[in-house]
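> sequence isn't available, so here's the structure alone:
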């Protein structure tokens, strides 16, 4: 989903112990993502869903959600309509 | 898309009725050819709106990525109105991070029989596109 803003890549490796760290390292590598992913307070935007192994971080510990080596993190735009 | 994808999308619309049904079109990134259609639960459980179930959506996206594929569009149904993007559809499709290459497939059951149409929704408006069916 993030290809256009992530140098054309669909998957990227990112380091960190928490989702917050992963998001920070992603933004450091791809500054184009910053305004789309987080708001001025550093929180994930409402229309962005972040999943760790298909669990939504909103139902885990949000940006403090722990991640381990090999966990798959998906960052997807919320999709809805009428 | 293949004929079976078309039938699967109509099936999702019928199965969900009287609520809106939805699903994801998977194919080569940014592409126009549907490799598979993945039904996704409508988390909103509404006859007027849909919202992709987060867990099923993430699973489908991760599986597509593992297969070297990507999400190339979204299907949803309209239960009582035409198979044409509603103002809500346009507003949602225009949000950041939604690729402009996505195809927006709408199945209408509004007239008692299913009708499937596909659109691109871009900054300059809504453009219907032809749907080709292969065996």
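Ah, there it is. Since this is a predicted model, take the numbers as computed values, not measurements.

> what about the host helix or strand of residue A:36, near chain B?
Per DSSP states H and E, residue A:36 falls inside helix A:34-37. Yes: judged by C-beta under 8 Å from any C-beta of the partner chain, helix A:34-37 and chain B are in contact via A:35-36. Where C-beta positions appear, they are placed from N, C-alpha and C, glycine not excepted.

> please name the bridge partners of the residue sitting nearest the centre point of chain B.
The residue lying closest to the centre of chain B (C-alpha atoms, centre = their mean) is residue B:75, at 1.2 Å. Residue B:75 has these beta-bridge partners by DSSP bridges: residue B:23, residue B:105.

> contacts only, for it.
Counting by C-beta atoms under 8 Å, 6 or more residues apart in numbering or on different chains, residue B:75 touches B:9, B:12, B:22-25, B:37, B:105-107.

> what does the helix holding residue A:36 rub up against?
Here helix A:34-37 makes contact (C-beta under 8 Å, 6+ apart) with A:5, A:23, A:26-27, A:44-45, A:48, A:75, B:96-97.

> given the helix or strand that that helix is followed by, what are its sheet partners and their directions?
Next helix or strand after helix A:34-37 toward the C-terminus (DSSP H and E): strand A:48-52. Here strand A:48-52 has these sheet partners by DSSP bridges: strand A:55-56 (antiparallel), strand A:73-77 (antiparallel).

> now chain B against chain A: closest residue?
residue B:88 (3.2 Å; C-beta to the nearest C-beta).

> measure that residue to residue A:15 for me?
39 Å (C-beta to C-beta, to the nearest Å).

> higher neighbour count, these two?
Neighbour count, other C-beta atoms under 10 Å in any protein chain shown: between residue B:88 and residue A:15, residue B:88 has more, with 14 against 11.

> which parts of chain B are strands?
Assigned by DSSP state E, the strands in chain B fall at B:22-27, B:36-40, B:50-51, B:70-78, B:103-108, B:115-122, B:125-129.

> tell me the contacts of residue B:61?
The contact partners of residue B:61, by C-beta under 8 Å, 6+ apart, come to A:1, A:74, A:76, B:24, B:71.

> ok, so of these, who is nearest residue B:1?
Of all the contacts of residue B:61, residue B:1 sits closest to residue B:24, with 12.7 Å by C-beta to C-beta.

> ok, that closest one - how many residues close by?
Residue B:24 has 23 nearby residues by other C-beta under 10 Å.

> could I get the strands of chain B in CSV, plus columns for mean pLDDT?
Formatted as CSV, the strands of chain B follow (pLDDT from 0 to 100):
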stretch, mean pLDDT
strand B:22-27, 98
strand B:36-40, 98
strand B:50-51, 98
strand B:70-78, 97
strand B:103-108, 98
strand B:115-122, 96
strand B:125-129, 96
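
> how about those, which one is nearest residue A:40?
Nearest to residue A:40 among the strands of chain B is strand B:50-51 (25.7 Å), distances taken as C-beta to C-beta.

> hmm, the closest one in reach of chain A?
Yes: using C-beta under 8 Å from any C-beta, a contact is recorded between strand B:50-51 and chain A, made by B:50-51.
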